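Sharing a sequence plus its predicted fold:
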Amino acid sequence: MNWYTRIYNFAYKYFSDEDLATEIAQRTFIAVFKNLGKLQNLDRFKAWLYQIASNCCHEEQRRQKRQWTISWFRSASNAEDETWEIPIEDERTFANPEAQFEQAELAEILQKALSKLPEEQRIVVIMKEYEGLKFIEIAEALQISENTAKSRLYYGLKALKKILNQDLVSSF
């Protein structure tokens with residue numbers, strides 16, 4: 001998998017928006033190109049790249065909070081844009097429409113629950129559980145200690161479980 005795809009997927013999981021993910025990935029690689037000379041240790045490239053992507057996500061999050069727009073309606077055509085695709089390992093799932101529906105439903109539930117997490121926890125959960133980064137890489141990317149990364153993952157997963165349980169109870 002190439003780096004652009006990984007950063008796009010990271011940004012998509014963060015924002016659940018294809019256009020925004022594309023924009024974040026582009027901003028990330030523009031910053032990488034501009035600052036490549038500053039990278040002294042090529043072994044740290046992965047963590048450095050995710051640090052830049054994370055910073056771009058934070059900047060966009062802050063920019064969006066400053067906007068005073070309110071969306072009154074959610075169009076039905078945008079409902080698909082808010083789903084979060086989870087890779088399907090088993091090829092038999094493709095032949096089973098019911099399983100495809102269940103996967104899409106699960107992906108949407110997880111995406112909504114993940115979006116309710118505090119930003120600090122959400123970004124660590126995405127980096128660890130979806131991007132497969134090691135704690136040392138997460139710590140370097142976010143400029144935090146490894147123990148802080150572990151703590152944020154622990155509390156993020158705990159909060160995610162609580163959110164999912166509450167959503168399950170409220171759906172009955």
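Cool, got the structure.

who touches Phe45 in this structure?
Shown in contact with Phe45 (Cβ atoms under 8 Å, 6 or more residues apart in numbering): Leu39. (C-beta placed from N, C-alpha, C; glycine too.)

secondary structure element for it?
For Phe45, the host element (DSSP states H and E) is helix 45-66.

Now the lowest-mean-pLDDT helix or strand in the chain - C-alpha only, CSV.
One helix or strand of the chain scores below all others by mean pLDDT, DSSP states H and E: helix 97-115, with a mean of 81. Coordinates of each C-alpha in helix 97-115 appear next as CSV, following Å, rounded to 0.1, in the frame of the first residue of the first chain:
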residue,chain,number,x,y,z
PRO,A,97,-25.9,-9.4,0.2
GLU,A,98,-27.1,-9.8,3.8
ALA,A,99,-23.5,-9.9,5.0
GLN,A,100,-22.7,-6.9,3.0
PHE,A,101,-25.6,-5.0,4.5
GLU,A,102,-24.5,-6.1,8.0
GLN,A,103,-20.9,-4.9,7.3
ALA,A,104,-22.1,-1.5,6.1
GLU,A,105,-24.4,-1.2,9.1
LEU,A,106,-21.6,-2.1,11.5
ALA,A,107,-19.2,0.3,9.8
GLU,A,108,-21.7,3.2,10.2
ILE,A,109,-22.3,2.4,13.9
LEU,A,110,-18.5,2.3,14.5
GLN,A,111,-18.0,5.5,12.6
LYS,A,112,-20.7,7.4,14.6
ALA,A,113,-19.3,6.0,17.9
LEU,A,114,-15.8,6.9,17.0
SER,A,115,-16.8,10.5,16.1
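
for the helix holding Phe45, the distance to its chain's centre please.
11 Å (Cα atoms, centre = their mean, to the nearest Å).

Check the gap between the closest residue to Val125 other than its chain neighbours and Ile126 for me.
Closest residue in space to Val125, ignoring its immediate chain neighbours: Gly156 at 4.4 Å, by Cβ to Cβ, 6 or more residues apart in numbering. With the distance defined as Cβ to Cβ, to the nearest Å, Gly156 ends up 9 Å from Ile126.

And the least confident helix or strand of the chain, what does it pack against?
Applying 3 or more Cβ pairs under 8 Å, 6 or more residues apart in numbering; DSSP states H and E, we find helix 97-115 packed against helix 119-125, helix 146-170.

Take the ones you listed and write them to JSON lines, including distance to Ala31, mean neighbour count and mean pLDDT.
Output for these, formatted as JSON lines (distance: least, Cβ to Cβ, whole Å; neighbours: other Cβ atoms under 10 Å; pLDDT from 0 to 100):
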{"stretch": "helix 119-125", "distance to Ala31": "17", "mean neighbour count": "20", "mean pLDDT": "93"}
{"stretch": "helix 146-170", "distance to Ala31": "22", "mean neighbour count": "15", "mean pLDDT": "90"}
